[in-house]
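> I'd like to go over a predicted model; first the sequence, then the structure.
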Amino acid sequence: MAKNSTKAVLDNFTIKSYIDDLFESNAGNVRLSHFLNEYQKVLDKDDTKEFMIYEEFGHGLANFASGNKSVKKVINEMNTNLATYGKELSVYKLIECAQDPAARCACADAYTHYLESQDEQSKAILADAAGVLEQSGDPVGHQLTIVIASPSSVMEPAQI
């Protein structure tokens, strides 16, 4: 059985709700509020994809964990997400680095379909999308081809 759909996978890597919850539970913590405001500014930009900054946010947030239960709770939740869907996150981040927006979209869609069905046909479609990307000279294509051939080659992201 396939894991949750890709939309659901990427939904695990949003930080907006964490920021909102931490603002609410830590209103008096000036340093933490400044940190959260900086990430809120980044999220306010239309082109920001939360999954691309998820780990960076978590590592920065770890600086505020000492003695702060709400921050520790968020970090534990983030680590659970990374343990469950970390390899998928790594592949999505790799795809996001593709230079051609149309190819990036095609690869992301093919990967989405593959995660949902996990059958040979969807794997072949993903391999074709990666092959087109590789033939265009985009280095992401070669890396993605390796990942498709050997899914175990994807490194688990480090825990926060």
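That came through, no problem. The model shown is predicted, which means the values in this text are computed figures rather than measured ones.
> so what pLDDT did residue 43 get?
Model confidence at residue 43, given as pLDDT, is 94.
> what about residue 88, distance to residue 81?
Residue 88 sits at a distance of 10 Å from residue 81 (criterion: Cβ to Cβ, to the nearest Å). For the C-beta atoms, the positions are set from N, CA and C on the backbone; glycine is no exception.
> isn't residue 39 up against residue 16?
No - using Cβ atoms under 8 Å, residue 39 is not in contact with residue 16, being 9.0 Å away.
> who has more neighbours out of the two?
Neighbour tally, residue 39 and residue 16, criterion other Cβ atoms under 10 Å: the higher count belongs to residue 39, 21 against 11.
> touching the helix or strand that contains the more buried one from outside, list them.
Per DSSP states H and E, residue 39 falls inside helix 30-43. If you take Cβ atoms under 8 Å, 6 or more residues apart in numbering as the criterion, helix 30-43 is touched by 15-16, 19, 22-23, 26-27, 48, 50, 53, 57, 60-61, 63-64, 68, 71.
> of those, which belong to helices?
Residues of the contacts of helix 30-43 located in helices (DSSP state H): 16, 19, 22, 23, 50, 53, 57, 60, 61, 71.
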